[in-house]
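# Can you look at this prediction? I've put the sequence above it.
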Amino acid sequence: MSDPAANVFNVVPNVVLLLPIPYDPRFRRRVRLLQDAGAVCRVFSFERDYFAGSADYPFRSLGRFQHGRYLDRPPKLMRAVPRIAGALQDGDILYCMGLDLLVLGVLAARLSAKRCRIVYECADIVSRLYGPSLAARSLRRLERWALDRCDRIVVTSPHYLSEYFVRQQRQPVDHFFLIENKVAPFMPAARSTAAWDGSRPLRLGYFGLLRDVLAWQIMRTWAQSPDGIELIVRGYPFGIAGIQEDIDAQPAITFGGEYVYPDDLPDMYAGVDLVWVTYPLPKDPAADVRWRWPHTNRFYEACYFGKPMIGQTGSADGALIESHDIGLTIDTASPDAAVARLDAIMPADLDRWTANLRRLPRHTYVFSDEHPRLLALLT
């Protein structure tokens, strides 16, 4: 780890953020909340032609990636290093979103004449880092090299710290800081809605990055069941073959396209009775247990908007859903059993789950002082 005493800061910390894409809601929240905590933020980001959107802050592009053109990426990544190093001449903190950007950031910091604090934020343990293969072991060795040069490591789930960074990467706990995927205080207020009484089809919302193949198969089947539901889909489909054909073929499924975060969320959540929050299962859930660790954005949003949820049994979200009794957990690896459980939902279940959601402490799902405390540790 670098020496904290070697850093000299301005009165207002100047934060240089490295992003893989500029449009992700988590990145936008982080920039805004760091600014609200008193930091001056400058954003540098790569762009990708398969992710559309808009950013509510200015950013400088580090290059554009095309889908599937992986051999074009290394030169663009390396060309970004001197640009980042130049930005660090006026920077106090380098905040890296993702391992590849952390490696670039560490290299850039070595080129810079000015010392800065380095922060790495981990919001996912990707598959290429996990397992016994030579490639995975080599990447974990590279990650340890980069981690040793960080001043703070931010994780979005406590399970990333306990199950991966401590257990597998042997990292000291005191260099980590937890910032969950909670809702920002500037989220628009929830709209009041009438409770589902069974007189109309149950409305299920599936929002965000739409990539859970097993979950989609279950939702599609449930929408075809005799009792019927209405499936409201908003977001960006990714990796689900035939999803557009399924939407076109089933009147019970409505696709509203991509949405603006956070502006569109009140209307989206007001239009549904419960929300799907499962995380995609790997091919071998028993061997690859990464799916047990994350907390999804949809979990915190559903809590904020007071909507019961459907989660995966055995997951971090599922454990909270069960312990607080704020929804139903299913096993997406057993589609028939899952649909049977979903078909059995009654209005009284929704009433109980909704009442329990109202009892949750606000700090469970809304940020409080996490970002000021992080800056205080760094400055």
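Received the coordinates, thanks.
# can you give me the end-to-end distance of stretch 29-47?
18 Å (C-alpha to C-alpha, to the nearest Å).
# same check, this time on stretch 49-60
16 Å.
# likewise stretch 358-369?
Counting by C-alpha to C-alpha, the terminal residues of stretch 358-369 are separated by 22 Å.
# Distance from the chain centre to that stretch, please.
With C-alpha atoms, centre = their mean, to the nearest Å as the basis, stretch 358-369 stands 18 Å off its chain's centre.
# do stretch 201-213 as well
What separates the centre of stretch 201-213 from the centre of its chain is 16 Å, taken as C-alpha atoms, centre = their mean.
# all helices of this structure, in order?
In the chain, the helices defined using DSSP state H lie at 25-36, 73-87, 99-111, 134-147, 158-159, 213-223, 243-249, 265-270, 297-304, 316-324, 335-343, 347-358, 370-378.
# Redo those helices as JSON lines? Include mean neighbour count, distance to Gly205 and mean pLDDT.
Every C-beta, even on glycine, is put in place using the N, C-alpha and C of the backbone. Shown next, in JSON lines, are the helices of the chain (neighbours: other C-beta atoms under 10 Å; distance: least, C-beta to C-beta, whole Å; pLDDT from 0 to 100):
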{"stretch": "helix 25-36", "mean neighbour count": "20", "distance to Gly205": "16", "mean pLDDT": "94"}
{"stretch": "helix 73-87", "mean neighbour count": "15", "distance to Gly205": "35", "mean pLDDT": "91"}
{"stretch": "helix 99-111", "mean neighbour count": "21", "distance to Gly205": "32", "mean pLDDT": "96"}
{"stretch": "helix 134-147", "mean neighbour count": "14", "distance to Gly205": "36", "mean pLDDT": "96"}
{"stretch": "helix 158-159", "mean neighbour count": "16", "distance to Gly205": "25", "mean pLDDT": "96"}
{"stretch": "helix 213-223", "mean neighbour count": "20", "distance to Gly205": "10", "mean pLDDT": "95"}
{"stretch": "helix 243-249", "mean neighbour count": "14", "distance to Gly205": "14", "mean pLDDT": "94"}
{"stretch": "helix 265-270", "mean neighbour count": "18", "distance to Gly205": "7", "mean pLDDT": "97"}
{"stretch": "helix 297-304", "mean neighbour count": "26", "distance to Gly205": "9", "mean pLDDT": "97"}
{"stretch": "helix 316-324", "mean neighbour count": "19", "distance to Gly205": "15", "mean pLDDT": "97"}
{"stretch": "helix 335-343", "mean neighbour count": "16", "distance to Gly205": "14", "mean pLDDT": "95"}
{"stretch": "helix 347-358", "mean neighbour count": "15", "distance to Gly205": "13", "mean pLDDT": "98"}
{"stretch": "helix 370-378", "mean neighbour count": "17", "distance to Gly205": "27", "mean pLDDT": "96"}
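# Mind checking these for the one nearest to Pro188?
With C-beta to C-beta as the criterion, Pro188 lies closest to helix 265-270 of the helices of the chain, at 4.9 Å.
# Alpha carbons only: can I get the closest one in PDB?
Written as PDB, here are the backbone C-alpha positions of helix 265-270 (Å, rounded to 0.1, in the frame of the first residue of the first chain):
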ATOM      1  CA  LEU A 265     -38.100   5.400 -12.000                       C
ATOM      2  CA  PRO A 266     -41.100   6.800 -10.100                       C
ATOM      3  CA  ASP A 267     -43.500   6.100 -13.000                       C
ATOM      4  CA  MET A 268     -41.900   2.700 -13.700                       C
ATOM      5  CA  TYR A 269     -42.200   1.400 -10.200                       C
ATOM      6  CA  ALA A 270     -45.700   3.000  -9.800                       C
END
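# now for that helix, which elements pack on it?
Applying 3 or more C-beta pairs under 8 Å, 6 or more residues apart in numbering; DSSP states H and E, one finds that helix 265-270 makes contact with strand 202-210, helix 297-304.
# Out of these, flag the one nearest Val16.
That would be helix 297-304 among the helices and strands packed on helix 265-270, by C-beta to C-beta, at 24.7 Å.
# which other residues reach the closest one?
For helix 297-304, the external contacting residues (C-beta atoms under 8 Å, 6 or more residues apart in numbering) are 25-26, 180-183, 187, 190, 207-208, 265, 269, 275-277, 308-309, 311, 317, 320, 326-327, 357, 360, 364-366.
# Report the inter-axis angle for it versus strand 202-210.
140 degrees (axes from the mean of the first three to the mean of the last three C-alpha atoms, to 10 degrees).
# excluding its backbone neighbours, what's nearest Leu139?
Leu129 (5.3 Å; C-beta to C-beta, 6 or more residues apart in numbering).
# so who does that neighbour touch?
Leu129 neighbours (C-beta under 8 Å, 6+ apart): Leu99, Ala136, Leu139, Arg140, Glu143.
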